[in-house]
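Q: coords please:
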Amino acid sequence: MTKTVKLISGVAFTPGTAQDLREGLVGYITLTFADLLLLDGLVLRKTTAGTYALSYPSRSDSQGRKHPYYRPIDDRARRIIEDTVFRSLGIERDPQEANRG
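A: Predicted coordinates:
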């Protein structure tokens, strides 16, 4: 018997503080990937253009370069992950799109 694996499940959201919100940080995301990995530390941000985006945890080396612990492999993967997470949270990628309908 083969188990069907849902790529992204168990999406949980923790809101940011009032200061975080003023700086564009909406909150923190935790999710389960492929029923195998718990990914913690994703950040939901609102861009200056008013759209939502996810950012991924990283460390900085001694030269200040960022190295993500994990990240999408390309733009297509990024969109799939963001679309799934946003749908789970009931938010529109671009809040202005909802007002145009």
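Q: what about residue 93, which helix or strand?
A: Secondary structure from DSSP states H and E places residue 93 outside every helix and strand.
Q: ok, now which ones touch it?
A: 51-52, 82-83, 86 (CB atoms under 8 Å, 6 or more residues apart in numbering). C-betas here are computed from N, CA, C, even on glycine.
Q: correct me, but residue 33 touches residue 7?
A: Yes: counting by CB atoms under 8 Å, residue 33 touches residue 7, with 6.6 Å between them.
Q: more neighbours, these two?
A: Neighbour tally, residue 33 and residue 7, criterion other CB atoms under 10 Å: the higher count belongs to residue 33, 16 against 12.
Q: count of residues packed around the nearest residue to residue 25 once chain neighbours are set aside?
A: Closest residue to residue 25 apart from its sequence neighbours, by CB to CB, 6 or more residues apart in numbering: residue 16 at 4.6 Å. Residues lying near residue 16 (other CB under 10 Å) number 17.
Q: how near is residue 16 to residue 90?
A: As judged by CB to CB, to the nearest Å, residue 16 and residue 90 stand 17 Å apart.
Q: now do the buried residues in the longest helix along the chain.
A: Longest helix of the chain, by residue count under DSSP state H: helix 75-89. Residues 81-82, 84-86, 88 are the ones in helix 75-89 that count as buried (16 or more other CB atoms under 10 Å).
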